[in-house]
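Student: Sharing a model prediction with you, sequence too.
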Amino acid sequence: GVWGDGRAGEFHPEWLQFTLKKEGVEQLDALTKLAETLRLRVGDIGTAGIKDKVAITMQFCTVDASRLSATKLLAANARLAGACMEVSCPYKVARPLNVGDLRGNRFDITVRQLAPFEHATLEAAVTAVRSNGFINYFGTQRVGMPLVGRGADVQAETV
């Protein structure tokens, strides 16, 4: 078989990977709620990076498959719904996710209430982003407002 990271050899799926969807929830708060719900420690949940607070985000997470079944994971949705969170699509993988495993992000951006005269400006901006990319600033959309307390700590640690 082939490992999830491309190495040849025997495949031993020891980790349960799943999708975590959250809306308007800061990353650490989401992982804390998920860990409490699953009776795990936050450190037991592997992720590749931080997702924004002010958005609907989805990301892969991993946990040790010997500590959590797919059935138990999915049953947690009844308790997570009130926290604007949902888990889905569990399957076994060979290794856990770690910070730095992220290969990139995809975004669907919805523009509302665009005046007709703004279409050309928007098209030019989209063309520029396609050609040059953009800087993903670490601000209030990522860690919440205001940048005091946890948000400031996360930003300071990252910088």
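Tutor: Cool, the structure landed.
Student: Could you list the buried residues of stretch 108-117?
Tutor: Neighbour counts over stretch 108-117 (16 or more other C-beta atoms under 10 Å) mark no residue as buried. Quick note: C-beta positions are derived from backbone N, CA and C, even for glycine.
Student: now what about that stretch, what contacts it?
Tutor: L122 (C-beta atoms under 8 Å, 6 or more residues apart in numbering).
Student: could you dump that stretch to CSV, C-alpha only?
Tutor: Backbone C-alpha positions of stretch 108-117 (Å, rounded to 0.1, in the frame of the first residue of the first chain) are rendered in CSV as follows:
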residue,chain,number,x,y,z
ASP,A,108,-15.5,30.9,-2.0
ILE,A,109,-16.2,34.6,-1.6
THR,A,110,-19.7,36.0,-1.9
VAL,A,111,-20.1,39.6,-2.9
ARG,A,112,-23.4,41.2,-2.0
GLN,A,113,-24.9,44.6,-2.9
LEU,A,114,-22.5,45.4,-5.6
ALA,A,115,-23.4,48.5,-7.5
PRO,A,116,-23.4,48.2,-11.4
PHE,A,117,-20.5,50.7,-11.7
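Student: Can you give me the distance of S88 to G100?
Tutor: As for S88, its distance to G100 is 24 Å (criterion: C-beta to C-beta, to the nearest Å).
Student: So between the two, which is more surrounded?
Tutor: Using other C-beta atoms under 10 Å as the criterion, S88 and G100 rank with S88 on top: 12 against 7.
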